[in-house]
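> here is my input, please return the structure:
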Amino acid sequence: MRPRLPALVAFVALIAVACSSSASPTATPGSEASTDSRQAAALQGEPPARPYDANAAFVGGDPTVVATPAGPVHGVVAAGTRRFLALPYAAAPTGDNRWRAPQPATPWTTVRDATVAPPSCTQVLPVVNLQTGQEDCLYLNVDAPAQPSDHLVPVMVWIHGGAFIVGSANDDVPTGLVERGGVIVVSINYRLGPFGFLAHPALQAEDPTGSLGNMGVLDQVAALQWVHDSVAAFGGDPGNVTVFGESAGGMSVCAHLQSPRSAGLFQRAIIQSGPCVQAGLDRSVAVPQSAELTTVLGCDTAADQLECLRGRDAGAVLDALPGDPTFLFQKAAYWFPTADDVVLPSDGAARVAAGDFNQVPVMAGVTRDEGRLFMGMAAHTIGSQIAPVTTADYEQRVVAYFGETVGPRVVEQYPLADYPGASEALGQAAGDALLACPAVDGALAMSPTVPVYLYQFEHAPNPFILPMTGIDLGAFHAAELPYVFGGQVQSSGPITFTPDEQMLSDTVIDAWVRFARTGDPAGDGQDWPVTGPSHQYLILDTPARVSDGLRSDSCGFWAAANWNPADAGRQ
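Model prediction:
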């Protein structure tokens, strides 16, 4: 099978990018500023408190039974929160609705059970390579404080990561964030892989708006619209919504910052380890990949190719062009959003540079050792042909991945003596090139126009759900998630905080919630400057502290190297 251009390529290739957000008036330039200018930089800041009449929202006075615009739902009180699970925000995308924009969910009149977690969307679990989930998956979860407030509280909408091919709304239970922060968290499913990101020209022809696929992004927009229309019933403020996500979820946040479809649906944005560059693949990448899937499924000669594709078994569609289970190191299909000039602009980077994007306060950051996890996954994935990197073959493997021109310079920039081992060194280089630096550079591109707050998560060691022998993961990609959510998440497995780690989690939650409330994460004794010319940022470790020059050395190297990720030597 021919090598495929990774979607990440298109994102990283336009490093000047733009991420920004939705409903806000004129932006205030980001700078390392005084208290007064910080308040201006928060744009509108914390909105006035709006009353919440719980008695009107609760059915029969029961706080676990809420009357929503679509119908009443019955949740459960668990671990100090009220949980409402598997709420449909759109109709099932099955049958004729496969590869169509999300359609309205059918309302109901009797009380709907909301105590069982929703199914994940159809996907292949990485490392173990097992199919799971189902197409009928457009559901979301609502976690609200157990004790309702007398006023509407901030809402945080969580978009899970997983390279747009794996993950679900159930991965990261936000109990600690809700309990400590007093916010409402909405976690969403969205279509993944080819079901979410097929870019077939016939889709553009049949769509009334001319969109070229992007069903996964449109699902997220539909979920944000649901929040706007329905979250007040649970006590959430639809006028104070923060969209936040990690990895592909962070990249999704960038997409909403650039998409006209998302304008007005959120007021703050948090991008965690999300390369925030051009928020969509170029058609020249996305369309040929979708054509190849059509051929593999035997629909290329059909009179109606979409009808043929919609008739194929979901498992067959998933298997036709599988994604990279290591995310960075294998040749595979990359199912990402497409810049179609309808949902996502093809000139997003230029628009951000010109200030032509949705403008809201932005918080963005990375982990110190982004790429090490993927190096570990490459060596541990079932069926993987990628061997661990050794001291003896380090230089050869680096040159094979980064090319004859850039590779030797990478060896000098990432000397073995600076890392626990050769796998860690190569993982560090790949993570910086493909994840950390595009994320930092993309956030900095926004800072002349909107207030941007940067961080780097540096605490280690951290648990991972699967054993990763032979590599020190360090502060790996997604390592911050237990600290954001206040405990165990899907990627961590069981976790028990030390007293210092509990303090770090409290610091992180408090900052995330302050940002959600006001657009400024600083306060309560925690300094966090708006980034400016010196690129100040907060180090998330024990203790948290302010520093400057985030990734200036490594990102300066990659900017000068002018390496094209399309040339990566994936195996």
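> and residue 529, that one's in a helix?
No - counting by DSSP: H, G, I helix; E, B strand; the rest coil, residue 529 is located in no helix; its state is coil.
> isn't it right up against residue 545?
No - look at residue 529 against residue 545 with C-beta atoms under 8 Å: they stay out of range, at 11.8 Å. In this view, the C-beta of every residue, glycine as well, is placed from N, C-alpha and C.
> neighbour count winner among those two?
residue 529 (19 against 12; other C-beta atoms under 10 Å).
> what's the burial count for the closest residue to the more buried one other than its chain neighbours?
Nearest residue to residue 529 in three dimensions, chain neighbours excluded: residue 536, at 4.5 Å (C-beta to C-beta, 6 or more residues apart in numbering). Here the number of neighbours of residue 536 (other C-beta under 10 Å) works out to 19.
> and residue 297, by the same measure?
Quick note: residue 297 (other C-beta under 10 Å) scores 21 neighbours.
> that one and residue 303: what is the separation?
Using C-beta to C-beta, to the nearest Å, we find residue 297 at a distance of 15 Å from residue 303.
> cool, and residue 330?
Residue 330 is 35 Å from residue 303, by C-beta to C-beta.
> give me the longest strand you can find in the chain.
Longest strand in the chain, counting residues (DSSP state E): strand 236-246.
> pull the contacting residues for the residue nearest to residue 529.
Contacts for residue 536 (C-beta atoms under 8 Å, 6 or more residues apart in numbering) come out as 32, 454, 529-530, 546-548, 550.
> those in strands, which ones?
Reading strands off those with DSSP E, I get 454, 546-547.
> my read is that residue 148 contacts residue 51, right?
No - applying C-beta under 8 Å, one finds residue 148 not in contact with residue 51, separated by 11.7 Å.
> in terms of neighbours, single out the busier of those two.
Taking neighbours as other C-beta under 10 Å, residue 148 and residue 51 compare with residue 148 leading, 19 against 8.
> which of the three states applies to that one?
coil.
> then the one 10 residues further on?
Under three-state DSSP, the three-state class of residue 158 is strand.
> wait, what's in contact with the nearest residue to it once chain neighbours are set aside?
Spatial nearest neighbour of residue 158, excluding adjacent residues (C-beta to C-beta, 6+ apart): residue 187 at 4.5 Å. The neighbours of residue 187, taking C-beta under 8 Å, 6+ apart as the test, are 140-141, 143, 157-158, 160, 169-170, 172, 174.
> ditto for residue 160
167-169, 171-172, 187-188, 245-246, 248-249.
> phi, psi of it?
Main-chain torsions, residue 160, degrees, to the nearest 10: phi -70, psi 160.
> look up how far residue 73 lies from it.
22 Å.
> ok, residue 546 next?
Residue 546 is 44 Å from residue 73, by C-beta to C-beta.
> can you check residue 242 too?
Taken as C-beta to C-beta, the span from residue 242 to residue 73 is 23 Å.
> what strand or helix carries the residue lying closest to residue 387 once chain neighbours are set aside?
Spatial nearest neighbour of residue 387, chain neighbours left out: residue 379 (6.8 Å); criterion: C-beta to C-beta, 6+ apart. Using DSSP states H and E, residue 379 sits within helix 372-380.
> from the contact counts, what lies against that helix?
helix 422-431 (3 or more C-beta pairs under 8 Å, 6 or more residues apart in numbering; DSSP states H and E).
> which is the next helix or strand following the helix it packs on?
That would be, after helix 422-431 and using DSSP H and E, helix 437-446.
> packing partners for that next one?
Partner elements for helix 437-446 (3+ C-beta pairs under 8 Å, 6+ apart): strand 268-272, helix 348-353, strand 362-367, strand 452-457, helix 552-561.
> I'd like the contacts of residue 187 as a markdown table, with pLDDT appended.
As requested, those are exported to a markdown table (pLDDT from 0 to 100):
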| residue | pLDDT |
| --- | --- |
| 140 | 98 |
| 141 | 98 |
| 143 | 98 |
| 157 | 98 |
| 158 | 98 |
| 160 | 98 |
| 169 | 97 |
| 170 | 96 |
| 172 | 95 |
| 174 | 96 |
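> pull the most distant pair out of those.
157 and 170 (15.3 Å; C-beta to C-beta).
> looking at these two now, which is surrounded by more residues?
Taking other C-beta under 10 Å, residue 157 and residue 170 do not tie; residue 157 has more neighbours (26 against 18).
> isn't that one right up against residue 223?
Yes - proximity of residue 157 to residue 223 meets the contact threshold set by C-beta under 8 Å, at 7.1 Å.
> now list whatever residues contact both of those two.
Contact with both residue 157 and residue 223 is made by residues 186, 188, according to C-beta under 8 Å, 6+ apart.
> how about residue 390: what's its closest non-neighbour residue?
Nearest one to residue 390, counting by C-beta to C-beta, 6+ apart, is residue 422 at 5.6 Å.
> how near is that neighbour to residue 397?
Computed with C-beta to C-beta, the distance linking residue 422 and residue 397 is 8 Å.
> what is in contact with those two at once?
In contact with both residue 422 and residue 397: residue 389, using C-beta under 8 Å, 6+ apart.
> buried among the ones in strands among the contacts of residue 536? Need that as a selection in PyMOL.
To isolate the buried members of these in PyMOL, using 16 or more other C-beta atoms under 10 Å:
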select buried, resi 454
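> can I take it that the residue nearest to residue 158 is in a helix?
No - using three-state DSSP, the secondary structure at residue 187 is strand, not a helix.
> what's the strand or helix carrying residue 318 packed up against?
In the assignment (DSSP H and E), residue 318 maps to helix 314-320. Judged by 3+ C-beta pairs under 8 Å, 6+ apart, the packing partners of helix 314-320 are strand 130-132, helix 193-197, helix 283-296.
> quick one: closest of those to residue 513.
Smallest distance to residue 513 across the helices and strands packed on helix 314-320 (C-beta to C-beta): 30.0 Å, for helix 193-197.
> kindly state the domain boundaries assigned to this protein.
Domains of the chain are assigned by automatic domain parsing as 17-26+358-567, 54-320.
> rank the ones you listed by pLDDT, which is bottom?
Lowest mean pLDDT within the domains of the chain: domain 17-26+358-567, at a mean of 90.
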